[in-house]
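Asks: below: sequence and its predicted model.
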Amino acid sequence: MLQLIDVITSYGATEVLHRISLEVGEGELVTLLGSNGAGKTTTLRVISGLHKLHQGQVKLGGVNLENRPPDDIVRMGIAHVPEGRRIFPGLTVRENLELGTVAWRKRGDRFDQDLERVYRLFPVLRTRDQQLGWSMSGGEQQMVAIGRALMARPKVLLLDEPSLGLSPLLVDQVFAALEEIKRQGTTILLVEQNAAMALEIADRGYVLSGGTIVLEDTAGRLSTNPEVKAAYLGG
Ligand code: ATP
């Protein structure tokens, strides 16, 4: 479904991704692990067109995406939930979710169905739908950010650190929602610091270190791999 082939990119003169290749099959949940500065966020930004690649290819269902504008890439089926839950603080929950439909507005008449899907995944958002973004907890804002991405009806959902700064209870809720989103058929590429939880729900994973993929395996095998345990699972 999603393929990166020999992707190279830089910030200024500094190359930060060195020939990255990875693949996410249809319906798969794949996690991208790695320590701070490894290049995980940059990889997601290259896929969604927010950062230009210098060499290589990004393909969705065999169609080249590299260097297309981000709004085209959303329309083609990729939605990105960036790190830090960037929702609009002065808009209500419902208005934030409506913004996710921009890519489809002319064609779409399934708004109510799409909204219902988000409210089923995150019941708390239904009860807060007129509340302003800034007044929500971090966890609720993360749910709005994921919900808004789903309103774009993505084939592939990119998530950057969805558990960051959330209480353990909310992390559990967000991860349960990700499992449900996968069960409903959406393909997911998940960047997570919480490697243990990511490997619990993932099918496969890649480990990125210093801008290079150093390991690739099933989630089960990665979670028992001694190097992964030592570096990312607290020994
Ligand atoms: P983190 O978990 O800290 O977000 P990451 O694995 O997502 O790390 P990236 O944010 O992709 O890593 O960063 C990869 C490299 O690119 C790092 O060395 C980082 O310092 C550098 N970098 C990231 N953003 C910029 C930028 N806007 N300008 C210059 N260098 C950057």
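Replies: Nice, thanks for sending it over.

Asks: which positions in the protein make contact with the ligand?
Replies: In this structure, the chain approaches the ligand at residues 11, 16, 34, 36-42, judged by CB under 6 Å from any ligand atom. (C-beta placed from N, C-alpha, C; glycine too.)

Asks: for this protein, what spans make up the strands?
Replies: Remark: strands assigned in the chain by DSSP state E are 2-11, 14-24, 29-33, 55-60, 63-64, 78-81, 156-160, 187-191, 204-209, 212-218.

Asks: so what strands line up beside the second one?
Replies: Pointing back at strand 14-24 there. Strand pairing for strand 14-24, determined by DSSP bridges: strand 2-11 (antiparallel).

Asks: residues of the strand it pairs with that come out buried?
Replies: Buried residues in strand 2-11, counting neighbours by 16 or more other CB atoms under 10 Å, are found at 2-5, 7-10.

Asks: longest helix anywhere in the chain?
Replies: If you go by DSSP state H, the chain has its longest helix at helix 168-183.

Asks: neighbouring contacts of that one?
Replies: For helix 168-183, contacts defined as CB atoms under 8 Å, 6 or more residues apart in numbering pick out 27, 29, 121-122, 137-139, 142-143, 146, 150, 157, 159, 162-163, 166, 188, 190, 194, 197, 200-201.

Asks: tell me the average confidence for that helix?
Replies: For helix 168-183, the mean pLDDT works out to 94.

Asks: ok, the residues of the chain next to the ligand vs residue 129, which is closest?
Replies: Comparing the residues of the chain next to the ligand against residue 129 with CB to CB picks out residue 41 as the nearest, at 30.1 Å.
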